[in-house]
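Participant: here's my sequence, what's the structure:
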Amino acid sequence: MARPEQNGLARLEAGLDSLAGARAAPRRRLRQQLLPPLVAIAVVLLGWQGLYLAGVEPDWVLPGPTEVWQSLAGAAGQGYVWSSIGNSLSRGALGFLVSVVIGTPLGVVVGRSQPVRTAVGPILSGLQNLPSVAWVPPAVIFFGVTPATIYTVILLGAVPSIANGLVSGLDQVPPLYLKVGRNLGAKGLSSVVHVLLPAALPGYVAGLKQGWAFAWRSLMAAEIIATSASLGHGLGQLLKQAQDTNDMALAFGTIALVLVVGIGVNQLVFAPVERHVLRSHGLAFKRP
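Facilitator: Down below sits the predicted model:
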């Protein structure tokens, strides 16, 4: 029979092992999240460098990664890069937030009213499928080359995605939830706030995630076409500048920045929120 001090020692060792495992878990998760994309980026860069060294195209058509980096560094030295990222991010964030304010009640109305869905639902789907760049010329004609043009294009790109995401989430709410909520006194707006929206969160968050993607794409289209000194520099204007100066290295570098910023916002903001919502609704398993 084990002595009490032996049992205590065993429990202490087990506790230390558990503590060590808990400390190692975040590092392991970090490796699991960072290693695959880093490997993929390394493979792309190696393939790109191989094509450059093979001379598949002239340098001015297909610059190498080093040339692209040097071009970006030169633009950063002139103050273009950070101001462009800041301007585009602020425009994208503001346009997205306004889209959420408009798209959320619109999604609730379309999702809960059959006549409104019949009338407006196909229009929302059509707007979502319409390329954002198609809105830029009429917006320029109507508003001129002003911030209103850029925000209009963002709204027309993001609002339908957010509204449709919420409609999809509402369609997946079991009718039993509404009956239980009604029995507990949740009716009208109270039912929407306390029953429908929490239950529809997975679809709503997916719509928000897609809405940000559409907002970012719409912003780039608007910035590339609606260029003006009064608007200041954005990533789209920087890409347009690369085209005007026939600077392929700067063009590739700017595209890389657009990708990095878009992916960064998705991974740092929307991905954690989506994981939390899915876990809270029992739709995802926690990783060990």
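Participant: which ones are touching Ile162?
Facilitator: 99-100, 103-104, 107, 207-208, 210-211 (C-beta atoms under 8 Å, 6 or more residues apart in numbering). For glycine as for every other residue, the C-beta is placed from the backbone atoms N, C-alpha and C.
Participant: list only buried entries from the residues you listed.
Facilitator: The neighbour count (16 or more other C-beta atoms under 10 Å) marks 99-100, 103-104, 107, 207-208, 210-211 as buried among the contacts of Ile162.
Participant: including pLDDT and distance to Ala271, could these go into CSV?
Facilitator: Converted to CSV, the buried ones among the contacts of Ile162 look like this (pLDDT from 0 to 100; distance: C-beta to C-beta, whole Å):
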residue, pLDDT, distance to Ala271
Ser99, 95, 19
Val100, 94, 18
Gly103, 93, 20
Thr104, 92, 21
Gly107, 90, 22
Gly207, 89, 15
Leu208, 92, 12
Gln210, 90, 13
Gly211, 91, 15
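Participant: so which of the residues you listed sit within helices?
Facilitator: 99-100, 103-104, 107, 207-208, 210-211 (DSSP state H).
Participant: what's the farthest-apart pair in the residues you listed?
Facilitator: Pairwise distances across those peak at 14.0 Å for Thr104 and Gln210 (criterion: C-beta to C-beta).
Participant: would you put the C-alpha positions of stretch 110-129 in CSV?
Facilitator: Extracted in CSV, the C-alpha atoms of stretch 110-129 (Å, rounded to 0.1, in the frame of the first residue of the first chain):
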residue,chain,number,x,y,z
VAL,A,110,-35.4,40.4,-45.0
GLY,A,111,-35.0,37.3,-42.9
ARG,A,112,-38.2,37.8,-40.9
SER,A,113,-40.6,39.2,-43.5
GLN,A,114,-41.6,36.9,-46.3
PRO,A,115,-43.0,39.7,-48.5
VAL,A,116,-39.8,41.7,-48.1
ARG,A,117,-37.7,38.7,-48.8
THR,A,118,-39.6,38.0,-52.0
ALA,A,119,-39.2,41.6,-53.1
VAL,A,120,-35.7,42.4,-51.9
GLY,A,121,-33.9,39.0,-51.5
PRO,A,122,-33.1,38.6,-55.3
ILE,A,123,-31.9,42.2,-55.5
LEU,A,124,-29.4,41.6,-52.6
SER,A,125,-28.2,38.4,-54.2
GLY,A,126,-27.7,40.2,-57.5
LEU,A,127,-25.9,43.1,-55.9
GLN,A,128,-23.6,40.6,-54.1
ASN,A,129,-22.7,39.0,-57.4
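Participant: pull out the buried residues from it.
Facilitator: Per 16+ other C-beta under 10 Å, stretch 110-129 contains these buried residues: 110-111, 117, 120-121, 124, 127-128.
Participant: which parts of the stretch 51-200 of the chain are helices?
Facilitator: 65-77, 80-112, 114-129, 136-143, 147-171, 175-183, 189-191, 197-199 (DSSP state H, counting those that start in this stretch).
Participant: mind listing what's buried along the last one?
Facilitator: Right, helix 197-199. Buried, per 16+ other C-beta under 10 Å, within helix 197-199: 197, 199.
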